[in-house]
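Visitor: I would like the atomic coordinates for the input below:
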Amino acid sequence: MSDYDADAAEELAERVRSGDRRLYELEDYADADTAAATRRRLVEEHSGADLETTADYSLPAGQAAESNIENMIGAAQIPMGVAGPVTVNGGAYEGETYLPLATTEGALLASVNRGCSVIDDSGGAEVRVTKRGMTRAPVFRVSGIAEAEALAEWARDNVEQLRATAESTTSHGTLLDVTPYVVADSVHLRFRYDTADAMGMNMATIATREAAEVVEDETDASLVALSGNMCTDKKPAAINAVEGRGRSVTAEVSIPREAVESTLKTSPEAISEVNTRKNLLGSAKAASLGFNAQAANVVAAMYLATGQDAAQVVEGSNGIVSMEAREDGLYGAISLSSIEVGTVGGGTKLPTQAEGLDILGIRGSGDPAGENGDALAECVAVGALAGELSLLSALASRHLSSAHAELGR
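Guide: Residues are numbered from 1 along each chain as shown. Below you'll find the model as predicted:
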C-alpha cells in the first residue's frame, strides 16, 4: 500500500467536491501518493468501486506523475514471465538470454517458450537491425500545385539547413532525411531521425517543430499540423510497412529436420504450407499489413515488460514471416518493419520496466549510442520468431486447441 496522508487526502477531496480544486492539479497541493489517494476516494464515491488493489503499488508515484501519467489513482498490475533462455546472435546483442513478457493471455508464454527452446537447440537466431529512423511528418498548406511542387523542391535542396535547425534542439538526435509528399494543395514533409537509444517520438516532435518554423520563414507554406499522419504513429499504415519506422529488424533460424519433428511435432513441409496458405495468402486476401500469425502478441508483451509505448504495437505487428522447407530442415524468419523501442526515457525509468530491461542487460544508454536500442529490437524480433514457429507448428500438427485445453485456457 502506498504511503500517504489520509487527513490531507480527505481535505483535498472535500476541496474537489466543493469546486475549489481540479482533479488534475492535486500534485500542486500534496505529494503524489496523497494526490492519488484523494482521486481514489473520489472515484470510489462516484462509482462504488473498491480500489484497494489499485492502491497497492510499489512504484514511485512522484516519478510516475511527473513523466508517465496524469490523474494517477494507483497502478494496474500485469503478470510478467520469461521465455527462454534463447541464444541471440545479433549485430548489437550477442548471447543467451531470457525474454521478459508481460501479458494476461494464458498460453502465450508457453508458446513462445517452446519456440525459444527449438531456436536455442538450433544454435540460436541470427538477427540484424537493417534500418533506423523515427519519423514526424508535418503538413503544410500551399496555394496550389505549383507552390506545392516548389516547396517539395525547396525541402530537397535545403536538407542541411533543416538539419542544423532540428539538431540544435537535441544532443542525441540526428536528422537523416526529409521526404516530401504532395496531395493537391497539401505538402507533407516526412522527417526521419536517428534517436540513438531513445524511442524518440518527443525528440522528433520538438526538433521538427523548430524545422517547421524555418519552412514557414523561408517559403510561402503555412503549417497546418505538426503531425499530418504521414509519420505514421499508432495507426495501421502501409508507409510504415514499406519504409519502416523506428527500427526495421529481421531474425532468422535454421532448424534441423529432427528438431522440427521431435520438438515441434510436425514437418518442415507442413509448417511451410501453413505459413504460405495462412500468413501469406490469407493475409493478402484480407489486405492485411501483417503477414504473420501472432507477432503482435510478443511485441505487446515485451513492450509492456520493458516500458515501451504499448500503442505502437500497431506498427509493431507489421511483419512478414518466411518459412521454407529445405532438405536438411526448416528455414524460418520474421522481418518486422516498425519496432519503435528505446532503453532510455519514457516508461523505461519505472522500476518494474527497468528490471525487465535488466533481465536483458540493456538498461540505459548503449556504447556506442543506439546499441542498446538496437539490441532490444533484436530481442523482440527473436521472441516474435519463436512465437511464429510455435503457433505455426501447432496449427500444422492440429494441436492448437488441445494445447489451450491442456493449459486450462
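Visitor: hey, let's count contacts and neighbours off CA atoms from now on
Guide: Fine.
Visitor: buried set for stretch 272-284?
Guide: Across stretch 272-284, burial judged by 16 or more other CA atoms under 10 Å covers 272-276, 278-280, 283.
Visitor: ditto for stretch 212-228
Guide: 212, 215, 221-223, 226-228.
Visitor: Filter these down to the ones in strands?
Guide: Among those, the members falling in strands (DSSP state E) are 222-223.
Visitor: Columns pLDDT on top of the buried residues of stretch 212-228, output as JSON lines?
Guide: Formatted as JSON lines, the buried residues of stretch 212-228 follow (pLDDT from 0 to 100):
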{"residue": "A212", "pLDDT": "98"}
{"residue": "V215", "pLDDT": "98"}
{"residue": "A221", "pLDDT": "98"}
{"residue": "S222", "pLDDT": "98"}
{"residue": "L223", "pLDDT": "98"}
{"residue": "L226", "pLDDT": "97"}
{"residue": "S227", "pLDDT": "97"}
{"residue": "G228", "pLDDT": "97"}
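Visitor: so which of the buried residues of stretch 212-228 comes closest to D185?
Guide: A221 (9.9 Å; CA to CA).
Visitor: what's the spacing between the closest one and A155?
Guide: Distance, A221 to A155, using CA to CA, to the nearest Å: 11 Å.
Visitor: With V299 instead?
Guide: For V299 relative to A155 (CA to CA), the value is 35 Å.
Visitor: More neighbours: those two, which one.
Guide: The neighbour count for V299 versus A155, taken as other CA atoms under 10 Å, is higher for V299 (27 against 20).
Visitor: and the more buried one, what is it in contact with?
Guide: If you count contacts by CA atoms under 8 Å, 6 or more residues apart in numbering, V299 has them with 313, 316-317, 380, 384.
Visitor: what about G106, neighbour count?
Guide: Quick note: G106 (other CA under 10 Å) scores 12 neighbours.
Visitor: And S58, by the same measure?
Guide: S58: 13 neighbours (other CA under 10 Å).
Visitor: Now it: phi and psi?
Guide: phi -120, psi -10 (degrees, to the nearest 10).
Visitor: is it true that R128 touches G90?
Guide: Yes - R128 lies in contact with G90 (CA atoms under 8 Å); the separation is 5.6 Å.
Visitor: in the stretch 1-150 of the chain, which spans are strands?
Guide: If DSSP state E, counting those that start in this stretch is used as the criterion, the strands of the stretch 1-150 of the chain fall at 80-90, 94-102, 125-136, 139-141.
Visitor: Show the contacting residues for G319.
Guide: With contacts defined as CA under 8 Å, 6+ apart, G319 is in contact with 241, 289-292, 295, 334-337.
Visitor: elements contacting the lengthiest helix in the chain?
Guide: Counting residues, the longest helix in the chain under DSSP state H turns out to be helix 371-396. If you count contacts as 3 or more CA pairs under 8 Å, 6 or more residues apart in numbering; DSSP states H and E, helix 371-396 packs onto strand 80-90, helix 108-121, strand 125-136, strand 246-256, helix 268-274, helix 295-306, strand 329-339.
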